[in-house]
Every structure is written in structure tokens, then in C-alpha cells.
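1. Sequence unavailable; structure follows:
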């Protein structure tokens, strides 16, 4: 699957992307605000392979690689993903990462908007959520930039850098996303 935006396209993770995705997943410098980071590339590859669609089953996770539109080398610049948060409530959770050398160019916000579009238009999601360490102000700002609302702060939710820290919870409803898209037109 491929979803095309103005600057980037997001493509479903394939076996050919597995080296990039597993290295990204295991790069502790990209996940400085996470409680834990996968250290074994093989385990990361198996995790992502378990998300590959199985014929006759409804996927519970979608992983996409972000690439710039006019890059003849099709160099991956990041990833965006979502997984079922509460299935019977039609809610999904998102995650994302853009390599530092490509950050600040709008690739993250555009990829999240494309993912939200997919969630609400194709999967008929009712709600999409995102969470981040309260110290991760860039992630929080990005979620707010794409129209998500900070709904809660879970006090001392994460064990991070040897201390308890808060976690911020963001969400956007289908009607809020559709309104946001109407305003942008």
C-alpha cells in the first residue's frame, strides 16, 4: 500500500525495508524518551514480520516507511505506524520517528496526517490516540500540530532515566479530523 502526500509518501513495510526498520527500532539515540529500546535487530525484525498481513485476517497493526517524493534513491527518512488500541471501540494508537537529518521539514506531520486519513477513511476508526513522555516536547507539539488534543497527563507513568516521569495522552476523533481537513481546504 502506498499513500502519497505533497512532499512524502508512506509505503507499507516490506521485507526489503526490514533492515532499515530494524536498525531504526534499535537506535537508542532516536528513542531517548522511551522506557526501553529494543537492542537486538533480529528481535525487531521478527516483531515487524509479525505485523505483516495474513490472508483472511484483519490486520491489528500497520507499519509504513516514509520516503520523500522526488528522491530518485527512495531513501527512507522515517517511519509511521499504528496498531489497534481498543478494537471494539474502533480506536487506534500511532507511533512515529523521523531521522534527525530529515526532521524539521514537515515530513513527520505530513506522514501522521496521511496515517490519520487512512485510519478514518479506510479503517473507519472512531478515535486515534498517541502517547509520549511528558519530557518529549517535540512529539507532543507534533501531535497537537496535526490536530490532536492533549486529553490527560498520567502522573509518574513511565520509569525513565532512573526516575518516574509523566506520560501525555493525545487523541483525535473522526469528526475532529474531518473538520480539520475541511478547514485546511
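-> Received, thanks. Everything quoted here is computed from the prediction, not taken from an experiment.

2. Would you map the helices across this structure?
-> Applying DSSP state H to the chain gives helices spanning 18-25, 41-49, 107-117, 137-145, 174-184.

3. pLDDT on the last one, on average?
-> Put plainly, it is helix 174-184. The predicted model gives helix 174-184 an average pLDDT of 85.

4. which helices and strands does it pack with?
-> If contacts are counted by 3 or more Cβ pairs under 8 Å, 6 or more residues apart in numbering; DSSP states H and E, helix 174-184 sits against helix 107-117. (C-beta placed from N, C-alpha, C; glycine too.)

5. let's see 10 Å
-> helix 107-117, strand 127-133, strand 163-173 (3 or more Cβ pairs under 10 Å, 6 or more residues apart in numbering; DSSP states H and E).

6. Going by neighbour count, list what's buried in that helix.
-> 174, 176, 177 (16 or more other Cβ atoms under 10 Å).

7. follow-up on the earlier one: just name the most buried of the helices of the chain.
-> helix 107-117 (a mean of 22; mean count of other Cβ atoms under 10 Å).

8. how much does that one deviate in direction from strand 127-133?
-> Using axes from the mean of the first three to the mean of the last three Cα atoms, to 10 degrees, the inter-axis angle of helix 107-117 relative to strand 127-133 is 150 degrees.
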